[in-house]
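Participant: What follows is a predicted protein model with its sequence.
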Amino acid sequence: MVVKIAFNGAETDRGMPKANVRGIEIEFETIGVPDAAPLLLIAGLGSQMHAWPDEMCTRLADEGFLVIRFDNRDVGLSTKLRHAGSPDFSEINAAIARGEQPRVSYTLEDMANDAVGVLDSLRIAKAHVCGASMGGMIAMAVAYTHPARVSSLAVIMSTTGDPRLPQGRPEILMQFFAPVPSEREAYIDEAVRRDRLIHGRFEFVEAQARAYRTREYDRCYYPEGPARQLAALAVPGNIQPRIQAIRVPTTIIHGSDDPFYPSEVGKAIAESIPGARLVIVEGMGHSFPREVVPRIVDAITENCKRGQDEGGKNSIAEERTSVTENMNKINSLMDDIAIAAFEKKTGVASLALVNDNGKVVYQSKNWDLTTQGKTIVNVINGSKEFVLNSVRFSVISTDPARIVGANDRGLGAVVMMRYTGGCLVAYVIPGASPENVVIFLDQYKNQIAG
């Protein structure tokens, strides 16, 4: 039996819960029994939570999952960022061409934090995570920014934003990104026509597509949101280097006839994530025909079982133990790197971890972050981004007392002071998790020592 339940969170006048994530309200619902293994579903560009078909959610709940689906920010019944206005894609593209970070209203990793905020609202320490299309990119961002929160990862018909990958069919893309009518019937007709273009080789059931698009329009018609979501993908842009740090059981599901992302894109994702498995669904395009739902449910379920078999932690107590173990590793690595850097007068001179309130959680012995903050501020001189060891770092704040990271579960950022012409420069990794910090510091230690 499948039961829809509403957990804690701000209730709407319709009885649906909302998660409040740093002032952004995220509408969500759960399907299944409360004590089942949590499975978080993340929808794609401009899609509301019901882009995950009811039949698929019901089947997953019957497999023993608490299915959680939600509206991303700027769509459906979640917060709309109207004050942000429309993105200037010409300026975004120009900034990328100059090698600069574009100015956008929010980023892909902000949307990943929204997803984790839904888990927080449900008091879930760890969940299986699955995303489709842009939701697949968000799911991968959750996995590399919050690895302690992810038991397993499934990525469906998605991409990494790597410009070297094969591109979609231009005649389809041009039609899909053209303006849509605002009048109800005209919008539904056009949306159904576009759905047919990406359906793949399975029979297209127009009545089913029309019912979905009608439900979508009547629930919330808001065409401005998808443009800001699309702009969010520009930061960080190509996530292919970042997903190589993912270490959870992963399955990549991709259609053989996807007109947006050719099947080679799915193969490239699978090759980038250690141990990932690839499932190519013959005849599937960029949608969920009823015929493919059982295959997708089976692939997700099998991958989730891998996550459970490999000792996934679902309790806060277990997660705290893992964080403590990694913090001990971090402390040792930070001191080793700081000593090596001071001896060679190169690389990282000192490091510190801060939480979301700017409190120093740990700092290596060779630098006092709290008393030498003015030096850091003077050296940065308003810079917002640096590249170190082929990794791009963003400065969240030039004031060490106000540095705020993207991870609201304790470790907000890693701050690194590096020698440059006898001075110290601060670098920040936003939203760094303990596991990713260990991986990065271990690699950097080897580089400094070499």
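Facilitator: Great, that's in hand. Computed from a prediction, not measured in an experiment: that's the story for all the values here. Residues are numbered from 1 along each chain as shown.
Participant: domain ranges for the protein?
Facilitator: 4-309, 316-449 (automatic domain parsing).
Participant: any idea which of those scores lowest on pLDDT?
Facilitator: Ranked by mean pLDDT, the domains of the chain bottom out at domain 316-449, which scores a mean of 45.
Participant: if I pick Arg306, what's in contact with it?
Facilitator: Ser152, Pro249 (Cβ atoms under 8 Å, 6 or more residues apart in numbering). Just so you know, the C-beta spots here come from the backbone N, C-alpha and C atoms, and that holds for glycine as well.
Participant: residues of the helix or strand hosting it that come out buried?
Facilitator: Per DSSP states H and E: Arg306 is located in helix 293-309. The neighbour-count check on helix 293-309 (16 or more other Cβ atoms under 10 Å) flags Val293, Ile296, Val297, Ala299, Ile300, Thr301, Asn303, Cys304, Lys305, Arg306, Gly307 as buried.
Participant: State the distance from the last one to Ala148.
Facilitator: It stands for Gly307. 13 Å (Cβ to Cβ, to the nearest Å).
Participant: now do the first one
Facilitator: Val293 sits 31 Å away from Ala148, taking Cβ to Cβ as the criterion.
Participant: Could I get the full set of helices for the stretch 201-350 of the chain?
Facilitator: 206-219, 225-232, 240-243, 263-272, 293-309, 316-344 (DSSP state H, counting those that start in this stretch).
Participant: In the fourth one, which of the residues would be classed as buried?
Facilitator: Of the residues in helix 263-272, those buried by neighbour count under the rule 16+ other Cβ under 10 Å are Ser263, Val265, Gly266, Ala268, Ile269, Ala270, Ser272.
Participant: For the residues you listed, which two are the farthest from each other?
Facilitator: Farthest apart among the buried residues of helix 263-272 by Cβ to Cβ are Ser263 and Ser272. That separation is 15.1 Å.
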